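>>> Fold the following for me, if possible:
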Amino acid sequence: MHKYIPTIGLEIHAELKTKSKMFCSCRNIAISDKPLAISQKQKANSQQPNTNVCPVCLGMPGTLPVINKEALNYTIDTGLYLNGTISKFTKWDRKNYFYPDLPKGYQISQYDLPVVTGGYIEITQNSNLKTQNHSLKLKTKKIRITRIHLEEDTGTSKHPEGREGINYSLLDYNRAGVPLMELVTEPDITSAHEAKEFCQKYQLALRHLKIADADMEKGQLRCEVNISLAKTQNLELKTKNHNLKLKTEIPNYKLGTKVEIKNLNSFRAVEKSIEYEIKRQTEILEEGKKVVQETRGWDDAKGKTYTMRIKETSADYRYFPEPDLPPVEIYQSIINTRKKLLPKSLEEIEKEYIEKFQISPQDAEILIFDIEKYNKFDEIQKNKMFEIKNAKKLANILINEPLAIKIKNEFLLELANLLDKNIISSKIFKEIMPEVEKGKSPAKIIEEEGLKQISDSGKLESIIEKVVKENPEVTAKIKAGKSQVIGFLVGQVMKETKGKANPKIVNEILRNKIK
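Purely as a prediction, here's the structure:
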């Protein structure tokens, strides 16, 4: 039995892929798929420090912010996709604090009236226990969402290293004002694994909505953890027949002191920092000491958290309504329109892949989690030339062939069809992939180089007879009951035909011939 149970909540910030910043018209070029039409020279110049800025995002006196409608729509989409409630009325607030990379001296955010309230993400408990055939039904758990709100991002600090006498930092405000969507969970998470899976599922949702790249390494998705330990009470529960006594544990009604962990830029960091903090706080409590409420950072190299500052409360930020922005009323008609534009849920996609396309649960999961492969498969299956019977082959190609993502959609369809109809062998398939990647049609390569698979049993008979005669010892072993060595003869036939023989038919002929 555990003596302490963790209570964990997450705050996750995602940079949205809008064309412009949250409250001004500066380009959001760092994360936009298609930035505004500019020349390569202009683009290169605007990526230099402090060039993608204007008086509004620099907080110059007399400037007025304007709300980014696209960012607001993206937040509505996220709320609907994650089963939340969209507020009919929302407003903006000033969050006041001093930090060098905050040019205004305050952040425009949302305090008491966020765009979204409620919602949840369903995670799998003990997901590491998945069986190969997925026949074991695993327990799921809903992690509730408290709120999702909009705000603006800060700039970035650069700390030069490796040069003697450097005792200053540099500030780049290109990121200042980028639309930042913050999700806050209820404290429903009780383990490092659950926290990690929640973050992964949320990243996946954002990518499927196509509103954020959510790359943690690039700082596009940033996570903060709030964690406390509660003492447990051990109870004995009796079954109906009173013969079996079960021991269980529940958290004490009094929760422990909350600690925040910042600067988590990978799923591994989320998981490892929580594991470390559980161990650290347990040791403090075991010594009879008190855990201090504070903000801690995560040192990935040392694998430990460290004190940053004593934790602020909402009173420290002196929130008050933003005087330069009007409140926003979100009509039901807007909500209904946004709802119609949403993609299928991840659960619906997985069900369709398994039931309609006959893709295995393992492969379906891989496709859904790899957004590049998912988008490729999704585009191809909408092609009028797509046949459902080839879906399994297509999924297999995308999952197992690194070059597949670079190949034209029509050529991938062609390859899946050629494999499905046994026109080419898997060996020939691998050989022609580099040529197909360069832009050459698979059918044309096969025709020009005579690479069609030999499935005609009449043509294969003479080759098989030759191989059998040349390998009497192997034939004798097969007749003696060592059927597994038939693979050697199949390999010899493949060698004779330069990989063109249909292995399935070769196997059948050999088994009939050697009895």
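>>> Straight-line length of stretch 142-160, end to end?
From its first residue to its last, stretch 142-160 covers 44 Å (CA to CA, to the nearest Å).
>>> how about that stretch: buried residues?
143, 145-155 (16 or more other CB atoms under 10 Å). (Each C-beta comes from the backbone N, C-alpha and C, glycine too.)
>>> Double-check that Glu182 belongs to a strand.
Yes - counting by DSSP: H, G, I helix; E, B strand; the rest coil, Glu182 is found in a strand.
>>> what would the buried residues of stretch 142-160 look like in a markdown table with distance to Ala176, pLDDT and secondary structure?
Below are these laid out as a markdown table (distance: CB to CB, whole Å; pLDDT from 0 to 100; DSSP: H, G, I helix; E, B strand; the rest coil):
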| residue | distance to Ala176 | pLDDT | secondary structure |
| --- | --- | --- | --- |
| Ile143 | 31 | 97 | strand |
| Ile145 | 27 | 98 | strand |
| Thr146 | 27 | 98 | strand |
| Arg147 | 24 | 98 | strand |
| Ile148 | 22 | 98 | strand |
| His149 | 18 | 98 | strand |
| Leu150 | 15 | 98 | strand |
| Glu151 | 12 | 97 | strand |
| Glu152 | 7 | 96 | strand |
| Asp153 | 7 | 95 | coil |
| Thr154 | 6 | 94 | coil |
| Gly155 | 4 | 93 | coil |
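>>> Okay, now the unreliable bits of the stretch 351-500 of the chain?
450-451, 453, 456 (pLDDT under 70).
>>> Provide a list of residues in contact with Ile76.
Contacts for Ile76 (CB atoms under 8 Å, 6 or more residues apart in numbering) come out as 86, 115-116, 330, 334-335, 338.
>>> burial measure for Glu473, as a count.
7 (other CB atoms under 10 Å).
>>> List just the nearest of the buried residues of stretch 142-160 to Arg511.
The closest of the buried residues of stretch 142-160 to Arg511 turns out to be Ile143 (CB to CB; 54.2 Å).
>>> The closest one and Ile227, how far apart?
Relative to Ile227, Ile143 is positioned 14 Å away (CB to CB, to the nearest Å).
>>> can you give me the strands for the stretch 201-350 of the chain?
With strands called from DSSP state E, counting those that start in this stretch, the stretch 201-350 of the chain shows them at 221-238, 245-251, 259-264, 294-299, 304-310, 320-321, 328-329.
>>> ranking those by mean pLDDT, which is last?
Across the strands of the stretch 201-350 of the chain, strand 245-251 has the smallest mean pLDDT, namely a mean of 55.
>>> count of residues packed around the nearest residue to Lys515 once chain neighbours are set aside?
Once flanking residues are discounted, Lys515 sits nearest to Lys479: 7.3 Å by CB to CB, 6 or more residues apart in numbering. Other residues within reach of Lys479, judged by other CB under 10 Å, total 11.
>>> same question, Asp300
14.
>>> I figured it was touching Glu271, is that so?
No - distance between Asp300 and Glu271: 11.7 Å, which falls outside the contact criterion (CB atoms under 8 Å).
>>> Could you measure from the residue nearest to Glu329 when sequence neighbours are not counted over to Ala195?
Nearest-residue entry for Glu329: Phe89, 5.6 Å, with adjacent residues in sequence omitted and distances by CB to CB, 6+ apart. From Phe89 across to Ala195, the span is 32 Å (CB to CB).
>>> Neighbour count for those two, which is higher?
Ala195 (28 against 9).
>>> What strand or helix carries that one?
helix 192-209 (DSSP states H and E).
>>> okay, the angle between that helix and strand 259-264?
50 degrees (axes from the mean of the first three to the mean of the last three CA atoms, to 10 degrees).
>>> Mind listing what's buried along helix 192-209?
Within helix 192-209, the residues that count as buried by 16+ other CB under 10 Å are 192-199, 201-209.
>>> so Ser214 sits right up against Arg207, yeah?
Residue 214: Ala, not Ser. Yes - applying CB under 8 Å, one finds Ala214 in contact with Arg207, separated by 6.0 Å.
>>> gap between the residue positioned nearest the centre of the chain and Pro321?
Nearest to the geometric centre of the chain sits Leu204, at 3.9 Å (CA atoms, centre = their mean). Leu204 is 35 Å from Pro321, where distance means CB to CB.
>>> Now do the helices for the stretch 1-150 of the chain: every range, in order, please.
For the stretch 1-150 of the chain, the helices defined by DSSP state H, counting those that start in this stretch cover 40-46, 69-81.
>>> Can you report how many residues lie near the nearest residue to Lys210 once chain neighbours are set aside?
In this structure, Lys210 finds its nearest non-sequential neighbour in Lys17, 7.5 Å apart by CB to CB, 6+ apart. Residues lying near Lys17 (other CB under 10 Å) number 23.
>>> For Lys17, grab phi and psi.
phi -90, psi 60 (degrees, to the nearest 10).
>>> now do the same end-to-end measure for stretch 494-512.
Note: stretch 494-512 ends 18 Å apart using CA to CA.
>>> Domain map for this structure?
4-329, 370-449, 457-513 (automatic domain parsing).
>>> now the ones you listed in TSV, with distance to Pro343?
Listed next are those as TSV, based on distance: least, CB to CB, whole Å:
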stretch	distance to Pro343
domain 4-329	5
domain 370-449	9
domain 457-513	39
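>>> my guess is Arg296 meets Lys262, correct?
Yes - the pair formed by Arg296 and Lys262 meets the contact definition of CB under 8 Å, at 7.3 Å.
>>> Out of these two, name the residue with the larger neighbour count.
Between Arg296 and Lys262, Arg296 has the larger neighbour count (other CB under 10 Å), namely 24 against 17.
>>> which residues are common contacts for Arg296 and Lys262?
With contacts defined as CB under 8 Å, 6+ apart, the residues adjacent to both Arg296 and Lys262 are Met308.
>>> can you name the two of the contacts of Ile76 that are farthest apart?
Comparing every pair within those by CB to CB identifies Val116 and Ile334 as the most remote, at 13.5 Å.
>>> Between these two, which is the more surrounded one?
It is Val116, of Val116 and Ile334, that has more neighbours when counted by other CB under 10 Å, with 25 against 14.
>>> That one and Thr75 touch, don't they?
Yes - counting by CB under 8 Å, Val116 touches Thr75, with 6.5 Å between them.
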